[in-house]
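Asker: With the input below, show me the fold.
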Amino acid sequence: MKKALFIAIFATVSLASCKKDRTCTCTFSSTDPSSTASTQVITIIDSKKGDAKKLCIKSTSTYGGYTDTSDCKLD
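Answerer: Coordinates of the predicted model:
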């Protein structure tokens, strides 16, 4: 009986998602020659890893003939 209870508790804990603060590091760059590259660290508070991945994404936008990109990685 104790063995079954231990296995049930272990399975429950191991399947539960862990919410914690996550760090997303983004590098911003542009093809605009007057722009400089920069890096920003963003803290995503109290989130599951999957939810944080959805927020920490790579993006590209174009305006006025220039392309801006953000390359983000979840740490």
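
Asker: and Ser70, how far is that from Lys20?
Answerer: Using CB to CB, to the nearest Å, one obtains 24 Å as the distance from Ser70 to Lys20. Bear in mind the C-beta positions are built from the backbone N, C-alpha and C, glycine included.

Asker: and these two? which has more neighbours close in?
Answerer: When Ser70 is set against Lys20 and neighbours are counted by other CB atoms under 10 Å, the residue ahead is Ser70, at 17 against 12.

Asker: Show me where the protein has its helices.
Answerer: Residue ranges of the helices in the chain, as given by DSSP state H, are 2-15, 49-55.

Asker: mean pLDDT for those: which is lowest?
Answerer: Least confidently modelled of these is helix 2-15, at a mean of 54 by mean pLDDT.

Asker: Where does pLDDT dip in this structure?
Answerer: For the chain, the stretches flagged by pLDDT under 70 are 1-17.

Asker: let's see it at 90
Answerer: 1-19, 63-64, 75 (pLDDT under 90).

Asker: would you list every one of the strands in it?
Answerer: Along the chain, the stretches classed as strands by DSSP state E are 20-30, 38-47, 59-63, 66-74.

Asker: so Ser61 touches Asp68, yeah?
Answerer: Yes. Using CB atoms under 8 Å, Ser61 and Asp68 qualify as a contacting pair, with a distance of 5.1 Å.

Asker: The two: which has the busier surroundings?
Answerer: With other CB under 10 Å as the criterion, Ser61 and Asp68 differ in neighbour count, and Asp68 comes out ahead with 15 against 10.

Asker: Next, the contact list for the more buried one, please.
Answerer: Asp68 makes contact with Phe28, Ser29, Ser30, Thr31, Asp32, Ser35, Thr60, Ser61, Thr62, according to CB atoms under 8 Å, 6 or more residues apart in numbering.

Asker: Turn those residues into TSV, including distance to Gly50.
Answerer: As requested, the contacts of Asp68 are exported to TSV (distance: CB to CB, whole Å):
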residue	distance to Gly50
Phe28	24
Ser29	27
Ser30	30
Thr31	32
Asp32	34
Ser35	33
Thr60	23
Ser61	25
Thr62	29
